[in-house]
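Using only what follows, build the 3D model:
(3 chains)
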Amino acid sequence: MLKKVLTLALVSMVSFSLFAGGQQEDVQESGPVTLTYLVASGTDQNQAWAACESFMALNPDVNFELELRPGGTDGDNIVKTRLATGEMTDIFYYNAGSLLQALNPQQTLVDLADEPFMNNVDDAFKMTVSQEGHVYGVPNQTAMGGGILYNKKVYADLGLSIPKSWAEFAANNEKIKAAGITPVIATYGDSWTAQLFILADYYNVQAANPDFAAEYTANKAKYATTPAAMAGFKYLKEGFDKGWYQDGYATAKYNQGLELLATGKGAHYPMLSFALTNIVENWPDSASDIGFFAQPGPSADQNGATIWMLSANYIPATTKGAKLEAAKRFMEYLVSPQGIEDMNRNVPPSGPYLVKGAELPADVLPAVLDIASYIDAGNSAPALEFLSPVKGPRLEQFCVAVGTGQMSPEEAAANYDKDVANQAKQLGLEGW
Amino acid sequence: MKKNAITLKLGNILVFIVMFTVFIIPFIYILLMASKTSQEAALLRFSLPEEFLFFSNMSEVIAFGEYRMIRALMNSTVLTVGSVILVIILSALFAFVAQRRNDKLATIMMAVLVAGLMIPPAVVPTVFLLRSLGIYKTLFGMIMIDAALFMPFAVVIFRTAMTAIPRDLDEASFMDGASPLRIFFSVILPLLKPAIVTVVVTTSVKIFNDFVGPLYFLPGAKNITAPLTLYSFISQFSTQWNLLFANVVVITIIPLVIFIFFQRQLVSGMMGGAVKG
Amino acid sequence: MSKKQSNKSLISSYPNWFYLPAIITFGIFFILPTISSFYYSLTRWTIFDATFIGFENYEAFLSDPMLSIGLKNTFIYAVLTSGLKTIIALPVAVLLTSGIRFKGFYRSVVFFPVLISTIAIGITFSMMMQPHTGLINVALSSIGLPMVDWLGNPSLALYSVVLVDVWQGLGIATVIYMGGILAIPQDYFDAVKLDGGFWIKFRHVIIPLVQNSTFTVIILSFIGGLRSFDLIWAMTGGGPGFASDVLTSIIYKQYQAGFYGLSTAGNVILFLMVTILVFPLKAYFDRKELDV
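The predicted structure follows:
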């Protein structure tokens, strides 16, 4: 009897493994190499595929297979799980800075520090993809400014000038509101967009407390007890109290926000400058109407932009042999003049390149020039997430809670400080 | 009498209006959205499309990414068929003995399995397990996971359905010297048919539409399943609503066919108090 | 008497090894990972390595200032969805087993939402619930009613998701009830035919005799409600802010953030909560269960 059942079980097992067959990939040392490449769906996907296509045209022996993952924290989790279980693609695209540190790069990624092509990469960028002297990533986009994207036509029509302090910004908003235009676009349906008032304020935080990042990492400085850091939460509340946000902002999506800005129905959108890429895609005629200014702080004398480093391409330690060689060739291409030129053709830059010798094209968007002028004048600081590994995962939720009037700025800052402790403990930082 | 006829007619009309508004309009909305251009769909209006693009949107969705959709539908079908067959045979065997013996062991066995109805599955330990068995990223691994996850529900249903099958039937067969396996396959299983239909419909639809499971246990471009194709057109930064809704239509076809196929038996499967918590 | 004896002797004819295939599959692919997750909930776990930290994760999880909102919402969500499904599904099932026209069509229509992926339904309804352009508000304003910010208003968002959950899950509840109603022997109806109208039939025949189906619907949808995640995630992501966060979405966010130990501890707490709420309910129903 038992035998019968075992046979039955075995037969069914075999037939199921037939279904599952073909999963084992043969490692071929000769002939074309196929590289799998994990990117976030959407714009990243288009950019990555454009780079792959131009690379394949030059290197017929390499094929690419794109795998898509969701963006945001869903995607973070997939990247971590796949790295931890040794199931990563041959190349993957992921954030630099604090998110990279959480990947345990020394165990999971290939060190690129000694590759000759890394000499092309800007040192400021290398810093964000390094751990203890090992360098892991290669950029394939541009750096970004985080601040206020604004509609120049609205500013011209209403005769406004660029605000250098928060008071001026608030005064502009009242005039814009009186003209029947939304002063500040908020899109809490994509809750990550709610964080900008806080994250893009970091230039001002640093201006007031130069050691904030280090003290924050060491559990000495807190949002709730540092007035300059608290300011961002208060700005969110001010926008709610004064009715700066458009109708239905609590569920509005990022794309709807861009539309409001591009069509001039909204004047300001606190955002990262990569949004320019999406504006060019969807409202090509309006892209040159969009400008950028740094988020204003308490004083007009200290006015500067918060800068985000770009995301990077990484090679996991599981990529070996011919694939590793091909993957490195692709990395080299991405930071070569040829690669930059191909990318310029496909996707207009939304900030300065961090590759030595790479020039912005002549027809660059005005907002990109605005950002570059802050950097050139020395009025910029990296965002906190590139200076400290401590960033609470629920910041966006606290921001939305404040911006929709559910929570006071003080309460949100205090709760966020508690939330951050989980992250610091998880990373094993000292002093927590 | 005449007054009654009128109220009846009014009642009929009222029911139709309510049913139509609550259940049909959302589907019409999906179909309308799936027929529009991407610009028009972005307005999210409930309106007739200016240009009727239903079929070209459908074919764009199917052709997207070198016909990923076809692979996804095949994977989901294999996954669904495989795990549902396992669920039915294993659960029915289990429920057969548990209900007939109804002793202490049976009670313990049931309690262990029913706990599975409540406990949320542990994701990462499961990934580690699949890896150490060498079946991570395979349809086989995913089939086994789904079989384990959906067995408790099926066992509960089969056990209750067993109460409606008279003992005399299997006892008579025992007297004739039939083996338990033979009795199971030739006597019990056919009589469980209504309950099996219930399990097939509810379980297969859930497995086919499962979103989170394949996301973690079945990664890889080759392993894409139907609900994950929705990601092709949503992203953090832009969404093509027309294609997204066309995608919804495409991945609903197979569950719809399953339903139409079994619809008649579905209700009778729930009869006789066949389902109890 | 003799029948009972023969039962006893026959019991060995039902072999215990019939349990094995199911128990082995379930044991390996469900129980094993679950048990190891109890251990992991006592560790700080970075997926790369785990450090034992005792009950620190439980302390952190339970002292989260946002947890109380999540617990309250989870409970509201489970009670409302199971309650509404029970209350609405029974009359619908009566209707669909009556002599009404288009019966077969209605049966399919009510069940249809069950067939569609929950994520797709969440996306569709969040479009229809948009504040100005959304179908529902356009319809409301066209008949002179005020527009509602279904998902954007923090005090409404959870209830809007509840409505969609009921909409999607009604099909299963209705089918369970239909099974129950069709199983009622005709004699019972005949008995009240002479001296009662529809209401009497409903109140004194159907409601008591479908009691078992009612228990099933309540238990299944209550457990489902406590564990529900997909729909909330697709429609509000727990927002705006924390307004519609439930236990599962809190756990999932911690999981996403890489707090594996913490989220596993949350999973264990969820499991305890489900057990504490569902077992007494189920025991009560089992005692009152009718044997038809």
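
which residues are contacting stretch B:242-255?
Stretch B:242-255 is contacted by residues B:30-31, B:33-38, B:40-41, B:53-54, B:57-58, B:60-62, B:64, B:69, B:72-73, B:76-77, B:204-205, B:208-209, B:226-227, B:229-230, B:232-234, C:115-117, C:120, C:123-124 when judged by Cβ atoms under 8 Å, 6 or more residues apart in numbering or on different chains. No exception for glycine: its C-beta is placed from N, CA and C like everyone else's.

In PyMOL, how would I select the buried members of those?
Here is the PyMOL command that selects only those of the contacts of stretch B:242-255 that count as buried (16 or more other Cβ atoms under 10 Å in any protein chain shown):
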select buried, (chain B and resi 30+33+34+35+36+38+40+41+53+54+57+58+60+61+62+64+69+72+73+76+204+205+208+209+226+227+229+230+232+233+234) or (chain C and resi 115+116+117+120+123+124)
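
Looking at the contacts of stretch B:242-255, which are in helices?
In this view, the contacts of stretch B:242-255 that belong to helices under DSSP state H are B:30-31, B:33-34, B:38, B:40-41, B:54, B:57-58, B:60-62, B:64, B:69, B:72-73, B:76-77, B:204-205, B:208-209, C:115, C:120, C:123-124.

name the element the residue nearest to residue C:89 when sequence neighbours are not counted belongs to?
Nearest residue to residue C:89 in three dimensions, chain neighbours excluded: residue C:173, at 3.6 Å (Cβ to Cβ, 6 or more residues apart in numbering or on different chains). Assessed by DSSP states H and E, residue C:173 sits inside helix C:157-182.

Give me the distance from that helix to the chain's centre.
Distance of helix C:157-182 from its chain centroid, counting by Cα atoms, centre = their mean, to the nearest Å, is 9 Å.

Now that helix: buried residues?
C:157-158, C:160-162, C:164-181.

show me what contacts residue 162?
Since no chain was named, I'll use chain A. Contacts of residue A:162 (Cβ under 8 Å, 6+ apart): A:155, A:293.

that's the other chain; I wanted chain C
C:76-77, C:80-81, C:84.

swap in residue A:142?
Residue A:142 sits next to A:310, A:349-354 when contact means Cβ under 8 Å, 6+ apart.

and if we set it to 10 Å?
Residue A:142 sits next to A:273-274, A:276-277, A:308-310, A:340, A:343-344, A:347-355, A:358, A:360, A:368, A:371 when contact means Cβ atoms under 10 Å, 6 or more residues apart in numbering or on different chains.

Please apply the same query to residue B:210.
B:76, B:79-80, B:83, B:142, B:145-146, B:149-150, B:217-218, B:225-228, C:117-118, C:230.

Close to chain A as well: tell me which of those residues qualify.
Among those, the residues lying close to chain A (Cβ under 10 Å from any Cβ of the partner chain) are B:79, B:83, B:142, B:228.

wait, doesn't the last one sit right on residue B:215?
Yes: judged on Cβ atoms under 10 Å, residue B:228 makes contact with residue B:215 at a distance of 6.8 Å.

where are the low-confidence patches of chain A?
A:1-31, A:42-43, A:72-74 (pLDDT under 70).

can you list the domains in it?
A:31-136+A:311-346, A:144-308+A:368-427 (automatic domain parsing).

For the last one, measure first residue to last.
For domain A:144-308+A:368-427, the first and last residues are 27 Å from each other (Cα to Cα, to the nearest Å).

Return the distance of it from the chain's centre.
On Cα atoms, centre = their mean, the centre of domain A:144-308+A:368-427 falls 14 Å from that of its chain.

can I assume residue A:213 sits in a helix?
Yes: per DSSP: H, G, I helix; E, B strand; the rest coil, residue A:213 lies within a helix segment.

May I have the residues that are in contact with it?
Residue A:213 sits in contact with A:202, A:205-206, A:221, A:381-382, A:384-388, A:390, where contact means Cβ under 10 Å, 6+ apart.

returning to that earlier point: name the nearest of the contacts of residue C:162 relative to chain A.
residue C:76 (16.8 Å; Cβ to the nearest Cβ).

Return the list of helices and strands in contact with the host helix or strand of that closest one.
Using DSSP H and E, residue C:76 falls within helix C:67-96. Other helices and strands packing on helix C:67-96, by 3 or more Cβ pairs under 10 Å, 6 or more residues apart in numbering or on different chains; DSSP states H and E, are helix B:2-19, helix C:103-115, helix C:157-182, helix C:211-227, helix C:230-235, helix C:247-256, helix C:260-288.

any idea which helix or strand comes after the third one?
Note on helix C:157-182: by DSSP H and E, the next helix or strand toward the C-terminus is helix C:186-193.
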